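Q: got a sequence here, can you model it:
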Amino acid sequence: MHEMVFLVYPKSQHEENEVEFWEKHWQKRCNYIEEHGTPWQFDGYWQNKLYKRKIGVFNRLVGDARSKKILEPGAGCEIVSLAQVSRRAQVDLLELSDSAIRYMKMVRDYIGLESEPRIYIGKGDLFDLPYEDNTFDITWNSGVIEHYDFADKAIIEMKRVTKPGGNILVAVPNLIAPELLANQFKNRRGTEHYFSQRSLKNFLENQDLADVSVETVPQVLPSTTGDKYIKRFERYEPLLGIFGMIHFAKGTKKL
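A: Model prediction:
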């Protein structure tokens, strides 16, 4: 893959069946809700701020989402897509594992959307999406493609189900985010590709997408930072946005 850093740590998720790995991961998230009464992404100032910022970046990149059809394969714990329902979008959320599907439904119910007909949650493979060509206005995911050496195949499949002139978006880890740099030095477990803004833009352009733009979510401080320090520092974070945790990139499927 073009200009992308690949970091391999001692223990890889690919050492076991992918579905089994994610089944265990999302079961822990389900257990968290049952034990604490709230999803992880709502439980804490840092998490709340991150998701609000992600929603803001997504909204800026896609513009008016009213009445649009949105697909998020590999949806996991995302609430960004669910937030689009308030903009009258139709949202399809797909996952591989049963526990991930259960978790998404728990999050949906937690925010009061259990009877919302514009939300579909089901099983689907990012590399073999169960839809006809040219179905969605927006196809996107967050925290997904960095786990694969062959992420270009994911973009090809996402592009297939997106209408001409529609948008493909991805959100991925920022190569120079302080917390991720620390993980590199600590040799943390897992395998992920980290991107710079330039490498992410080049990657999507190499998949024959037009008008590619990249925006970084200005969440700079590590997730372990105490709330009082986050609140003191947050006014300065936009000035240091290039070091934020996550890059968003949007490209357009050519007509």
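Q: show me where the stretch 151-255 of the chain has its helices.
A: 151-160, 178-186, 197-205, 227-233 (DSSP state H, counting those that start in this stretch).
Q: rank those by pLDDT, which is bottom?
A: Lowest mean pLDDT of the helices of the stretch 151-255 of the chain: helix 178-186, a mean of 78.
Q: and it, how far from the chain's centre?
A: 20 Å (C-alpha atoms, centre = their mean, to the nearest Å).
Q: list the buried residues in stretch 227-240.
A: 230, 237 (16 or more other C-beta atoms under 10 Å). All C-beta spots, glycine's among them, are computed from the backbone N, C-alpha and C.
Q: low-confidence stretches in this structure?
A: 1-16, 187-191 (pLDDT under 70).
Q: just the strands in it please.
A: Applying DSSP state E to the chain gives strands spanning 5-8, 69-73, 90-95, 119-123, 136-142, 162-173, 191-194, 209-217, 246-253.
Q: in a markdown table: the ones you listed, plus mean neighbour count and distance to residue 36.
A: Below are the strands of the chain laid out as a markdown table (neighbours: other C-beta atoms under 10 Å; distance: least, C-beta to C-beta, whole Å):
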| stretch | mean neighbour count | distance to residue 36 |
| --- | --- | --- |
| strand 5-8 | 13 | 31 |
| strand 69-73 | 25 | 25 |
| strand 90-95 | 24 | 22 |
| strand 119-123 | 15 | 22 |
| strand 136-142 | 24 | 23 |
| strand 162-173 | 21 | 25 |
| strand 191-194 | 20 | 27 |
| strand 209-217 | 18 | 25 |
| strand 246-253 | 23 | 24 |
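Q: distance to residue 225 added to these, as CSV?
A: As requested, the strands of the chain are exported to CSV (distance: least, C-beta to C-beta, whole Å):
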stretch, distance to residue 225
strand 5-8, 23
strand 69-73, 28
strand 90-95, 30
strand 119-123, 33
strand 136-142, 21
strand 162-173, 17
strand 191-194, 20
strand 209-217, 16
strand 246-253, 16
